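Undergrad: My questions are about this predicted structure, shown below with the sequence.
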Amino acid sequence: MLRVDNITVVFGGVTAVKDVAFGVKNGELLGLIGPNGAGKTTLMRVITGTVTPVSGSVSLINTSLDRKSSHERIRAGIGLSQQIVHPFRSMTVGENVAYAAGYAKTRNPLRSILSYSRKKEMDKAREILKLLDIEEVAEATPTNLPLGYLKRLEVARALALQPKILLLDEPLAGLNQMEARKLADKLLELNRLGQTILLIEHNLSEVIRICGRIIVIDNGIKIGEGEPQKVMRDPDIRSAYLGEGYNNAAS
């Protein structure tokens, strides 16, 4: 589905990512983990086109994305849910998702002007909100909603674009243990329904629980890949990612 081939990124003479390569299979839920500053967000920005690597390439379903802008990559099939949520505060929750669902209309300004009905998009929005268990706030504005709802709204907006692959940047960040587990369960449900997902996340216990495979990077270098439990038993990875005091909580 997605291939990241030998990506190297340099900022001001400092190598942020060095020769990282991996692939995401169709229908897979792949976790990308590593300590703060490991290069995870930089890799995400390379995939979405906001950071240009000095070498390497990114392809989606065997089609190169290297010369495509960010919005072209999104339209090609990359859905992005960001760590810091930025919904349209003047719109309702349902309207936020419907706006994303209407991407085919908004692509052409003339078609957008001549498209008066939003019923199809609103129906789609309610379907997605129901899937994420937040349909009861469809008519509410995001302003006073708790973070758990806003995180799900961010995922809902990305899903409304009907992405081939959903790229999630720390969707569990800031949530308490119960909220994180519930949202992780929803991500697993989405994957079981056929959605390919690349999950960048610090919540190690949830990553290990829901992901079938993980990639570990540290200091911009890939240091591990494979089945989560097996990878996290590697002493070098435990030391680099968790420190020597880690008590094998992943077991």
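TA: Right, received. Where do you want to start?
Undergrad: So which elements touch the strand or helix carrying R152?
TA: Under the criterion of DSSP states H and E, R152 resides in helix 147-159. Helix 147-159 sits against strand 78-81, helix 93-101, helix 119-131, strand 165-169, helix 177-192, with contacts defined as 3 or more CB pairs under 8 Å, 6 or more residues apart in numbering; DSSP states H and E. Using the backbone N, CA and C atoms, a C-beta is placed for each residue, glycine as well.
Undergrad: So which of these is nearest V155?
TA: Between V155 and those, the shortest gap by CB to CB is with strand 78-81, which sits at 4.9 Å.
Undergrad: May I have the helix holding R152 as PDB, with CA atoms only?
TA: The C-alpha trace of helix 147-159 is given here as PDB (Å, rounded to 0.1, in the frame of the first residue of the first chain):
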ATOM      1  CA  LEU A 147     -10.400  16.200  24.200                       C
ATOM      2  CA  GLY A 148     -11.600  12.600  23.800                       C
ATOM      3  CA  TYR A 149     -14.400  13.800  21.500                       C
ATOM      4  CA  LEU A 150     -12.100  16.100  19.600                       C
ATOM      5  CA  LYS A 151      -9.600  13.300  19.000                       C
ATOM      6  CA  ARG A 152     -12.400  11.200  17.500                       C
ATOM      7  CA  LEU A 153     -13.600  14.100  15.400                       C
ATOM      8  CA  GLU A 154     -10.100  14.400  14.000                       C
ATOM      9  CA  VAL A 155     -10.100  10.800  13.000                       C
ATOM     10  CA  ALA A 156     -13.600  11.200  11.600                       C
ATOM     11  CA  ARG A 157     -12.500  14.100   9.300                       C
ATOM     12  CA  ALA A 158      -9.700  12.000   8.000                       C
ATOM     13  CA  LEU A 159     -12.000   9.000   7.400                       C
END
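Undergrad: how far does it sit from the chain's center?
TA: Chain-centre distance of helix 147-159: 11 Å, with CA atoms, centre = their mean, to the nearest Å.
Undergrad: go on, stretch 73-86?
TA: When C-alpha coordinates are averaged (CA atoms, centre = their mean), stretch 73-86 and its chain have centres 7 Å apart.
Undergrad: where do the helices sit along the chain?
TA: 40-48, 70-76, 93-101, 103-106, 109-114, 119-131, 147-159, 177-192, 204-210, 228-232, 235-237 (DSSP state H).
Undergrad: related to what we said a few turns ago, so which of the helices and strands packed on helix 147-159 is nearest F11?
TA: strand 165-169 (18.5 Å).
Undergrad: Which elements pack onto that closest one?
TA: For strand 165-169, the elements it packs on are helix 40-48, strand 78-81, helix 147-159, strand 196-200, judged by 3+ CB pairs under 8 Å, 6+ apart.
Undergrad: strand partners of that strand, parallel vs antiparallel please.
TA: Sheet partners assigned to strand 165-169 using DSSP bridges are listed as strand 78-81 (parallel), strand 196-200 (parallel).
Undergrad: Tabulate those strands (JSON lines), appending mean neighbour count and mean pLDDT.
TA: Conversion of the strands paired with strand 165-169 to JSON lines gives the following (neighbours: other CB atoms under 10 Å; pLDDT from 0 to 100):
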{"stretch": "strand 78-81", "mean neighbour count": "23", "mean pLDDT": "94"}
{"stretch": "strand 196-200", "mean neighbour count": "24", "mean pLDDT": "97"}
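Undergrad: Adding distance to V97, write those out as a markdown table.
TA: Supplementary listing: these in a markdown table, determined by distance: least, CB to CB, whole Å:
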| stretch | distance to V97 |
| --- | --- |
| strand 78-81 | 12 |
| strand 196-200 | 18 |
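Undergrad: if we can go back for a sec, would you single out the least confident of the helices of the chain?
TA: For these, the weakest mean pLDDT is recorded on helix 109-114, namely a mean of 58.
Undergrad: any chance of the helices and strands packed on strand 165-169 in TSV, with distance to K18 too?
TA: Below are the helices and strands packed on strand 165-169 laid out as TSV (distance: least, CB to CB, whole Å):
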stretch	distance to K18
helix 40-48	11
strand 78-81	23
helix 147-159	29
strand 196-200	18
